[in-house]
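A.B. asks: Got a predicted model here, sequence first, then my questions.
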Amino acid sequence: MPLRLSALLCAFALSTALPAAAQETVPLPDYVIAQFGTPPTVPTGQLSDAIETAADMAFVESMQQGTWGRDQTLALDEIAASGDPRLAWIISDLMRFVTSPQLNFVLSEAAATLLEIDTPTENTWGIVTDHLIAWDIPEPPDYLRFKRAIFTAIVPEWDALFVPGDIDWRLVSWGGVLIDDRAFDTTDDPCNCIPAADNPEVTDAAGATWLKDDDIVFGVEVNGEYRAYPRQIMEVREMVNDTLGGRDLGIPYCTLCGAAQAYFTDQLPADVERPILRTSGLLSRSNKVMYDLTTHSVFDTFLGHAVTGPLADKGIKLEQAAVITTDWGTWKTAHPETTVLAEYLALGRNPDFRNGRDANGPIFPVGDVDPRLPVHEDIIGIVTASGQPVAFQRSKALVALRKGEDIAYENIRLKLDAGGIRAVDTNGADLGSHQAFWFAWSQFHPDTALWPG
């Protein structure tokens, strides 16, 4: 009897490959080999007609029909026997949505065969995907078509997002929530998503009696106006479209990578409408994937440039304002004129839920992590005028700055601001720095320098 995929998928509701030479890859760091072992040989070239047909049967027709039966099992056996580890990417994509232990085991066994690793018995999707990322296994031919068929069968609203662009679709996975596609300024309407806030209500500092002095806030200053975005609210909303100091802002917060960022969404080319940033429900190496509601252009959340859609075609890259991570008591004392988001925006949720759920490391696959710092070490990240990314270890930088020591790197100078740290240039102009976990910064800036070295 075929298995109903509707009962196997999380509901929010092959012969051989064509002979080819081995894929030439950059040698992996020793720490990757130590943790993940030696990667399998990867072929190049197109898939054979038989494997292409088997992949269609296993990954496309199963999603279209909503069933997994004998035909899919035979097709998966043929894929596993192909010796082409590139196909494990598509298996991993399907594994992300499967809840049936029976089907999950069959898929993980096929992926393990292709990757030449032991079949994982727990955290199967995570282990398979970590190996794929750490080894940088290339994607198979026609990969986006297969991935799009899987993801849009689960959430049809993703249809406009899964398009070609300057994005590594291998690294995109499901974050466990649905897309926020509500119209601008309707964010008080309920949604089965992580609910962004547009033009949020604010109070003055005296009106924020609900905040404790040691509560974490993300402070932003634009043209002499100050606003605090409490973490209790940002962990629930994860995206705010706001106006401060006469400038429009989009402010994403990724709970998984400990990063609040502030992007200016105005002063763009005349033919570009203000981007309205929303949470897509997707992740890239545990970093939220945001998109523009108007054009459905996907943005690299960490770097601020559009990677697909009309805004990518126009080369849109958003300028950042600095975000100061500090506590409410210090922020309001340093900036008594500050405004702060209103309490109701937290929707009654308990604060700081993130710190418990990933205390033992990232809960989504991230592959290898640069071992120079612990994965969840806080850093202050910035890119120099020469284009060199640099991360400042926050704990050591705070100690040095409080002692009155100078911290400089090329054109960058660090200074204390309301208990947090801001990066400025040699003239004191803000450079748009922000705080993040080391694993996230080092993934998106693999050539980053580290202070202190």
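C.D. replies: It's in. Please read these numbers as outputs of a predicted model, since none were measured by experiment.

A.B. asks: can we go C-alpha only for contacts and neighbour counts from here?
C.D. replies: Noted.

A.B. asks: buried residues in stretch 60-68?
C.D. replies: For stretch 60-68, burial by neighbour count (16 or more other Cα atoms under 10 Å) applies to 60, 61, 62, 63, 66, 67, 68.

A.B. asks: Name the nearest of those residues relative to residue 182.
C.D. replies: Among these, residue 63 lies closest to residue 182 (Cα to Cα), at 26.4 Å.

A.B. asks: Return the subset of the buried residues of stretch 60-68 lying in strands.
C.D. replies: Assigned to strands by DSSP state E, the following of those qualify: 67, 68.

A.B. asks: Kindly reformat the buried residues of stretch 60-68 as TSV and extend each row with pLDDT and distance to residue 344.
C.D. replies: Below are the buried residues of stretch 60-68 laid out as TSV (pLDDT from 0 to 100; distance: Cα to Cα, whole Å):
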residue	pLDDT	distance to residue 344
60	96	44
61	94	45
62	93	44
63	93	40
66	87	41
67	90	43
68	94	45
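
A.B. asks: Tell me where the stretch 201-350 of the chain has strands.
C.D. replies: 202-204, 216-222, 225-230, 239-244, 247-254, 259-260, 262-264, 277-284, 287-292, 298-299, 320-321, 324-327, 339-341 (DSSP state E, counting those that start in this stretch).

A.B. asks: hey, which helix or strand in this protein has the poorest pLDDT?
C.D. replies: One helix or strand of the chain scores below all others by mean pLDDT, DSSP states H and E: helix 5-8, with a mean of 45.

A.B. asks: Quick check: next helix or strand after that one?
C.D. replies: helix 30-36 (DSSP states H and E).

A.B. asks: Quick check: which helices or strands does the following helix or strand past that next one pack against?
C.D. replies: Scanning forward in sequence from helix 30-36 by DSSP H and E, the next helix or strand is helix 49-55. For helix 49-55, the elements it packs on are helix 70-80, judged by 3 or more Cα pairs under 8 Å, 6 or more residues apart in numbering; DSSP states H and E.

A.B. asks: ok, residues contacting the very next helix or strand once past the helix it packs on?
C.D. replies: Next in sequence after helix 70-80, counting helices and strands by DSSP H and E, comes helix 88-95. Identification of contacts with helix 88-95 by Cα atoms under 8 Å, 6 or more residues apart in numbering yields 59, 104, 107-108, 110-111, 114-115, 125, 128-129, 132, 139-140, 143, 146-147, 150, 170, 173.

A.B. asks: which of the residues in helix 88-95 are buried?
C.D. replies: 88, 89, 90, 91, 92, 93, 94, 95.

A.B. asks: would you put the C-alpha positions of the following helix or strand past that helix in PDB?
C.D. replies: Sequence-wise, the next helix or strand downstream of helix 88-95 (DSSP H and E) is helix 101-115. Taking Å, rounded to 0.1, in the frame of the first residue of the first chain, the C-alpha atoms of helix 101-115 are listed here in PDB:
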ATOM      1  CA  PRO A 101      10.000   7.100  11.100                       C
ATOM      2  CA  GLN A 102       9.700   4.400   8.500                       C
ATOM      3  CA  LEU A 103      10.200   6.700   5.500                       C
ATOM      4  CA  ASN A 104      12.800   8.800   7.400                       C
ATOM      5  CA  PHE A 105      14.900   5.700   7.900                       C
ATOM      6  CA  VAL A 106      14.700   4.700   4.200                       C
ATOM      7  CA  LEU A 107      15.700   8.200   3.100                       C
ATOM      8  CA  SER A 108      18.600   8.600   5.600                       C
ATOM      9  CA  GLU A 109      19.900   5.100   4.600                       C
ATOM     10  CA  ALA A 110      19.900   6.200   1.000                       C
ATOM     11  CA  ALA A 111      21.700   9.500   1.800                       C
ATOM     12  CA  ALA A 112      24.200   7.700   4.000                       C
ATOM     13  CA  THR A 113      25.000   5.200   1.200                       C
ATOM     14  CA  LEU A 114      25.700   8.100  -1.200                       C
ATOM     15  CA  LEU A 115      27.800   9.900   1.400                       C
END
